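1. 3D model of this:
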Amino acid sequence: METIDTTSRPGDPTQPSGERTLTVAVVGGTGTLGRQVAAALDAAGHDVRALSRHSDHPVDLRTGLGLAPALAGCDVVVDAGNGTGPARKAARTLVDGTERLLDAEAAAGVRHHVSVDIVGCDVVPMAYFELKTAQQHLVESGPVPWSTVSATQFHEFAVTTLASYTHLGLTFAPPMRVQPVASAEVAAVVAGVAQGAPSGRRTTVVGPEVRELRELAQVWKRGTARHSLVTPVPFPGAAGRALRSGALTSDAADVVGRTTFEEWLALSR
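-> Numbering: from 1, shown residues only. This next block holds a predicted model:
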């Protein structure tokens, strides 16, 4: 296990190898994670293409539109995209779209696919996590050599979740253990992995602390001067049991971020 600023070691998959300039396509390159990965790779001197539906390299994973020209000449593809909405809609991007993406990469001669996974998504029976698990299975069985960065939930996601759980002066906080990490720290690892050789393995990145969601809710309240009442609400079934047990955390990570939720919240203000 290492902290985010550990110096490189021989064979370390989070560190770049060699000095050759790469052409890297970042799917979701205008999103929370993707834009930071793209910036890190650009700062390292690589030719970076940010792929999204509204970018200089427009693509649509739901149809495959734009993939062939966007991937032409690319050495590496980083998939930092996301799927939103109901499960059937999200599946068009996360599952069907990933299959299209991998086929297009193989046709273009891409030599390295870097995927981004969620720690514990394979053991939490919720629709989005099941789609992410299916996506990862496609990567591992697909035609392009791969590496994966598996991360815990971002600090940004915790804030978005708490805001969506706040209604009529109440912030609902299901009992669950989380280990939020700064997306910037995950982006640094993803960029390092993209500059290395395909490893066929996962590099796990986690936040510095395991916390109860209700604790983060109190921190978020104080940090944003909100006056809502934090109210525990049970999450039922097998998913609730998995969340309470800490399924979305890990004590066996390759990289541990340094920025706590409190520090990130203060900086983001």
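
2. Kindly confirm my reading that residue 55 forms part of a strand.
-> No: the assignment for residue 55, made by DSSP: H, G, I helix; E, B strand; the rest coil, is coil rather than a strand.

3. tell me the SS of the closest residue to it other than its chain neighbours?
-> Nearest non-adjacent residue to residue 55, counting by Cβ to Cβ, 6 or more residues apart in numbering: residue 30, 5.6 Å away. C-betas here are computed from N, CA, C, even on glycine. The three-state label for residue 30, taken from three-state DSSP, comes out as coil.

4. surely residue 30 meets residue 50?
-> Yes: between residue 30 and residue 50 there is a contact under Cβ atoms under 8 Å: 5.7 Å.

5. ok, back up a step: residues touching the residue nearest to residue 55, list them.
-> Shown in contact with residue 30 (Cβ atoms under 8 Å, 6 or more residues apart in numbering): 50, 52, 54, 55.

6. Which pair in the residues you listed has the greatest spatial separation?
-> Maximum pairwise distance among the contacts of residue 30 (Cβ to Cβ): 10.1 Å, between 50 and 54.

7. more crowded one of these two?
-> residue 50 (23 against 6; other Cβ atoms under 10 Å).

8. in what helix or strand does the nearest residue in space to residue 121 that is not next to it in sequence lie?
-> Leaving aside its sequence neighbours, residue 121 sits nearest to residue 129 (Cβ to Cβ, 6+ apart; 3.9 Å). Assigned by DSSP states H and E, residue 129 belongs to helix 127-141.

9. Likewise for residue 191?
-> Per DSSP H and E: residue 191 is located in helix 183-194.

10. chain center to that helix: distance?
-> Mean-position distance between helix 183-194 and its chain equals 10 Å (Cα atoms, centre = their mean, to the nearest Å).
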